[in-house]
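Visitor: Got a sequence here, can you build the structure:
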Amino acid sequence: GLSRVVMDTAVFQIPEAGFLESDYWGMYGIYCHRGLIELNDGTLLAGLFGNFESDRIEPPAGADIGIKARAFVMKSTDAGRNWQYVATVAAPVPNMSENEEGYTEWDMAQLADGRLLGIIRTGHYSPLVASYSSDQGRTWTRPAKMKGVDWGVDPCLIRLKDNRLAVAYGHNERPGSRSCELAISEDGKGVTWTNIRVAPPDRRSAYATIFEVEPNIVFYQAGDECWRLEL
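Guide: Residues are numbered from 1 along each chain as shown. Alright, predicted model coming up:
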């Protein structure tokens, strides 16, 4: 019941990562980020992003990353102590249009039909994209734009109790100014989305986390701001 918390070392085995030491956050390296879900058999899946040894594509000027990144999945069958590489969700290729940073901050959720949905950042002003897996993360569909959602940073994706989907993200209006956004997929599959502006553009991080605290009630937190939203 969280009365006692023990810290331990988790071991990640990523054969293709090689060695690419990060000089500071965001330039290059490997990072765990958001996506952590438990499958019915107890297997944990984690979403990571960063660079494998073969990744050397540089982003355009102004990006927050030194080498375009890939999004990939790890799994653990021993409650998070040891992790094995499962698959790459999306990897950068040369001359990608509408993609500034490759595939970085991302989150995933399991849909009512059992599939996994991942929503991934591609840059400050390039689209959020979606990818699906029907085999517990071993293979993924080609990333595609989301109907009803534009560009954004740090998506936080949840499945609501009624099986609809909700994703919170920050939307860059101009350098130094972001709005807080929430999009709902009424179909529960992420095919189409209806966007809601939670807070207007301002000097805020807009890096949001959301929880459904009651049926149809979402708690939305970004930086030092929070909202209780009735959908």
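
Visitor: from here on, contacts and neighbour counts on C-alpha atoms
Guide: Noted.

Visitor: pLDDT below threshold where in this structure?
Guide: 19-27 (pLDDT under 70).

Visitor: For the residue nearest the centre of the chain, what are phi and psi?
Guide: Geometric centre of the chain, nearest residue: W106, 1.3 Å, by C-alpha atoms, centre = their mean. W106 adopts backbone torsions of phi -160, psi 160, taken as degrees, to the nearest 10.

Visitor: Let me know whether it touches C32 as I believe.
Guide: No - with contact defined as C-alpha atoms under 8 Å, W106 and C32 do not form a contacting pair (9.7 Å).

Visitor: what residues does stretch 32-51 touch?
Guide: Here stretch 32-51 makes contact (C-alpha atoms under 8 Å, 6 or more residues apart in numbering) with 17, 20, 28-31, 67-80, 103-110, 156.

Visitor: 7 Å instead, please
Guide: Under the criterion C-alpha atoms under 7 Å, 6 or more residues apart in numbering, residues 17, 28-31, 69-77, 104-108 lie in contact with stretch 32-51.

Visitor: again with stretch 13-20
Guide: G29, N51, F52, E53, W83, Q84, Y85.

Visitor: contacting residues for the third one?
Guide: Contacts here follow C-alpha under 7 Å, 6+ apart; on that basis F52 touches E16, A17, G18.

Visitor: and which of these is nearest to I196?
Guide: A17 (38.3 Å; C-alpha to C-alpha).

Visitor: Look up phi and psi at that closest one.
Guide: Dihedral angles (degrees, to the nearest 10) for A17: phi -70, psi -30.

Visitor: phi, psi of E16?
Guide: Torsion angles, degrees, to the nearest 10, at E16: phi -90, psi 0.

Visitor: Count residues in the vicinity of it, would you?
Guide: 11 (other C-alpha atoms under 10 Å).

Visitor: Make 40 the first number, not 1, from now on.
Guide: Noted, 40 is the first residue going forward, which turns the last one into E55.

Visitor: ok so, going back, pretty sure the residue nearest to the centre of the chain sits against T161.
Guide: No - using C-alpha atoms under 7 Å as the test, W145 is too far from T161 to be in contact (9.4 Å).

Visitor: Which residue, neighbours along the chain excluded, lies closest to G157?
Guide: M147 (4.2 Å; C-alpha to C-alpha, 6 or more residues apart in numbering).

Visitor: what sits against that neighbour?
Guide: G74, L155, L156, G157, I158, L196.

Visitor: Which strand residues bridge the last one?
Guide: So that's L196. On the basis of DSSP bridges, L196 is bridged to V206.

Visitor: ok, now the fourth one?
Guide: Per DSSP bridges, the residues bridged to G157 are M147, S170.

Visitor: That one reaches V168, doesn't it?
Guide: No - judged on C-alpha under 7 Å, G157 makes no contact with V168 at a distance of 8.2 Å.

Visitor: For ChimeraX, write the select line for the buried members of the contacts of stretch 71-90.
Guide: Buried residues among the contacts of stretch 71-90 (16 or more other C-alpha atoms under 10 Å), as a ChimeraX selection:
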select :67,68,69,70,108,109,110,111,112,113,114,115,143,144,145,146,147
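
Visitor: Next one: the nearest residue to G262 once chain neighbours are set aside from I69, what distance?
Guide: Closest residue to G262 apart from its sequence neighbours, by C-alpha to C-alpha, 6+ apart: S244 at 6.2 Å. Using C-alpha to C-alpha, to the nearest Å, we find S244 at a distance of 22 Å from I69.
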